[in-house]
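Peer 1: compute the structure for the input listed below.
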Amino acid sequence: FSKKLTCGANSEIVSAMANQKNLSGQDIDNILDEVSDQEDIALGSELSKIKDELNGKFGSLAQKMERQLARLRQKLEAEKQEQAALKQKIQASQQQRDEFKQEAVQKTNDLNQINEFYKNDADEQQFSALHNGIVQRHQSMQQQLQATNYSTDVSAMNKAWQDEVKKITSAILSSPSKAELASILDELQQRTKDVNTLKQIENGSLPIEAVSDLVDKAEERHAAQQGDQMAAYKTPGIIENAEVLQNNAQWDKCMALVRDFVLQNQQRLAQRNDLYMQELAGRIGDLSQFKEILNLKIAEEDETVPLYERKKHLAKIKAKKQQEANRRRVDLCNNVQQRHNQVESQAKNTLNAQSQKDQNELQSLSNNDGGWRKEFDQDTRALVEYLV
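Peer 2: The predicted structure follows:
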């Protein structure tokens, strides 16, 4: 009972009440009930306040979570849209690829059909039908590509193939014999071999000199196609078509330019390699000359002079000897500089000023020379001070 009296929210009132000695037990109970009611009211008020506060926090948390969920839903929706757009692009790309693959197959079929026409002596109407079919096929192809949002215009590519087919058919129709067409087709095959030979020369499988033989053989082949009985090449027939003969002459000119370019660059490369070897030999000579500098003798070191006399002037002899060695060392470094200027100037004449690769090579040579001069100057200076 004492603990109850002293622990309530209205302990001061209860204490005052306890000091009244004339109170009956019933009075004390009534007062305690009143105090308990007041405490219950205060506790209820406090609990209501806590409840309202928690309700507010939970409401705010719910709103925050709802906003986050809304943002997540928007993000998921955006990602779905991006995935759908990407899927459409991939599908369109596959359709575009299929169109080009189909066109490649159709072009092979065009050539096979032309070959069959030639074998069966087809008339001009059949060739014309083939050409019209190609035009219609290309129109359909362009429509299909446009439907897949292909942005590049393929009309120029299609027109080039149509013109090529028309040119081949015109050559066949104007050809007086199958032997001439066979010779034209043989020429195309030989040109493919010419290009393959050039690739082998480029990658080092064949020597550089093979390019001259390649040009000579092409010229001899073209002479045989014009009926030269002295030509060793055996052609399927004589070519009389003026356009084909002119094209052969252009091929000969192109091959000659390639030959001159290859041989000229090979000569320049050999000259450049010679310069690099000269520089290596020069650097060996630099070391040899510096060795002589380290071993130099001056007049004061004459062994006929008594040793005790020489020891008296040892410091002067050393200073004079180092001075002479340094003078020769500086002259040697200047000669190295002059040699590098000359080598770099000559190497520049063997390089193409318009080629970035050649310019990089020249810059690399200059950097290497500069590094040698710097290292040679530092090392020789230190060695003179230490060894002479």
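Peer 1: now do the contacts for the residue nearest to Gln144 when sequence neighbours are not counted.
Peer 2: The shortest distance from Gln144 to any non-neighbouring residue, by Cβ to Cβ, 6 or more residues apart in numbering, is to Glu99 (5.4 Å). Bear in mind the C-beta positions are built from the backbone N, C-alpha and C, glycine included. Taking Cβ atoms under 8 Å, 6 or more residues apart in numbering, we find Glu99 in contact with Met141, Gln144, Leu145, Thr148.
Peer 1: 6 Å - rerun?
Peer 2: Contact analysis of Glu99 by Cβ atoms under 6 Å, 6 or more residues apart in numbering lists Met141, Gln144, Leu145.
Peer 1: which helix or strand contains it?
Peer 2: Using DSSP states H and E, Glu99 sits in helix 25-119.
Peer 1: that helix - what's its average pLDDT?
Peer 2: The average pLDDT within helix 25-119 is 81.
Peer 1: and if you look at stretch 330-339?
Peer 2: Stretch 330-339 comes out at a mean pLDDT of 93.
Peer 1: now do stretch 210-223: distance to the chain's middle.
Peer 2: 38 Å (Cα atoms, centre = their mean, to the nearest Å).
Peer 1: ok, now stretch 102-119?
Peer 2: 38 Å.
Peer 1: now stretch 66-79
Peer 2: 40 Å.
Peer 1: pull out the buried residues from that stretch.
Peer 2: Neighbour counts over stretch 66-79 (16 or more other Cβ atoms under 10 Å) mark no residue as buried.
Peer 1: packing partners for the helix or strand harbouring Gln346?
Peer 2: Element membership for Gln346 (DSSP H and E) is helix 314-349. Applying 3 or more Cβ pairs under 6 Å, 6 or more residues apart in numbering; DSSP states H and E, one finds that helix 314-349 makes contact with helix 242-294, helix 356-387.
Peer 1: now for these, which one comes closest to Asp194?
Peer 2: Nearest to Asp194 among the helices and strands packed on helix 314-349 is helix 242-294 (6.9 Å), distances taken as Cβ to Cβ.
Peer 1: run the angle between the closest one and helix 356-387 for me.
Peer 2: With axes from the mean of the first three to the mean of the last three Cα atoms, to 10 degrees applied, the angle from helix 242-294 to helix 356-387 works out at 10 degrees.
Peer 1: output the below-cut-off pLDDT ranges for the chain.
Peer 2: The chain contains residues with pLDDT under 70 at 1-38, 40, 175-177, 299-313, 388.
Peer 1: the same query, at a cut-off of 50, please.
Peer 2: Residue ranges of the chain with pLDDT under 50: 1-9, 21.
Peer 1: picking up where we left off before, and of the helices and strands packed on helix 314-349, who's closest to Val343?
Peer 2: Val343 lies closest to helix 242-294 among the helices and strands packed on helix 314-349, at 5.3 Å (Cβ to Cβ).
Peer 1: what about Gln88, how many neighbours?
Peer 2: For Gln88, the count of nearby residues is 12 (other Cβ atoms under 10 Å).
Peer 1: Asn367 too?
Peer 2: Applying other Cβ under 10 Å, I find that Asn367 has 10 neighbouring residues.
Peer 1: look up how far Gln68 lies from it.
Peer 2: Going from Asn367 to Gln68 by Cβ to Cβ, to the nearest Å gives 60 Å.
Peer 1: also Lys75?
Peer 2: In terms of Cβ to Cβ, Lys75 sits 10 Å off from Gln68.
Peer 1: make CSV from the contacts of Glu99 and add distance to Asn341, secondary structure and neighbour count to it.
Peer 2: Putting the contacts of Glu99 into CSV (distance: Cβ to Cβ, whole Å; DSSP: H, G, I helix; E, B strand; the rest coil; neighbours: other Cβ atoms under 10 Å) gives the following:
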residue, distance to Asn341, secondary structure, neighbour count
Met141, 62, helix, 18
Gln144, 65, helix, 15
Leu145, 60, helix, 20
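Peer 1: which one of the residues you listed is nearest Glu53?
Peer 2: Distances from Glu53 to these, taken as Cβ to Cβ, are shortest for Leu145 (67.1 Å).
Peer 1: contact partners for that closest one?
Peer 2: Residues in contact with Leu145, defined by Cβ under 6 Å, 6+ apart, are Glu99.
Peer 1: give me that answer again for 7 Å
Peer 2: Residues near Leu145 by Cβ atoms under 7 Å, 6 or more residues apart in numbering: Gln96, Glu99, Val154.
Peer 1: who's in contact with the first one?
Peer 2: What it means is Gln96. If a contact means Cβ under 7 Å, 6+ apart, then Gln96 has Leu145, Thr148, Tyr150 as its contacts.
Peer 1: mind checking how far it is from Lys107?
Peer 2: Taking Cβ to Cβ, one finds Gln96 at 17 Å from Lys107.
Peer 1: same check, this time on the second one
Peer 2: Noted for Glu99: a distance of 13 Å to Lys107, by Cβ to Cβ.
Peer 1: name the residues contacting each of the two.
Peer 2: Shared contacts of Glu99 and Lys107 (Cβ under 7 Å, 6+ apart): none.
Peer 1: of all the helices and strands packed on helix 314-349, which lies closest to Ile114?
Peer 2: When those are compared by Cβ to Cβ, helix 242-294 sits nearest Ile114, at 16.1 Å.
Peer 1: report all helices and strands that the closest one contacts.
Peer 2: Where contact means 3 or more Cβ pairs under 7 Å, 6 or more residues apart in numbering; DSSP states H and E, helix 242-294 is packed against helix 178-202, helix 210-225, helix 314-349, helix 356-387.
Peer 1: let's have the ones you listed in CSV, adding distance to Ala232.
Peer 2: As requested, the helices and strands packed on helix 242-294 are arranged in CSV below (distance: least, Cβ to Cβ, whole Å):
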stretch, distance to Ala232
helix 178-202, 14
helix 210-225, 6
helix 314-349, 40
helix 356-387, 40
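Peer 1: pretty sure Phe376 contacts Asn335?
Peer 2: No - counting by Cβ atoms under 7 Å, Phe376 does not reach Asn335; the two are 11.0 Å apart.
Peer 1: more neighbours: those two, which one.
Peer 2: Set Phe376 next to Asn335 and count neighbours by other Cβ under 10 Å: Phe376 wins out with 18 against 14.
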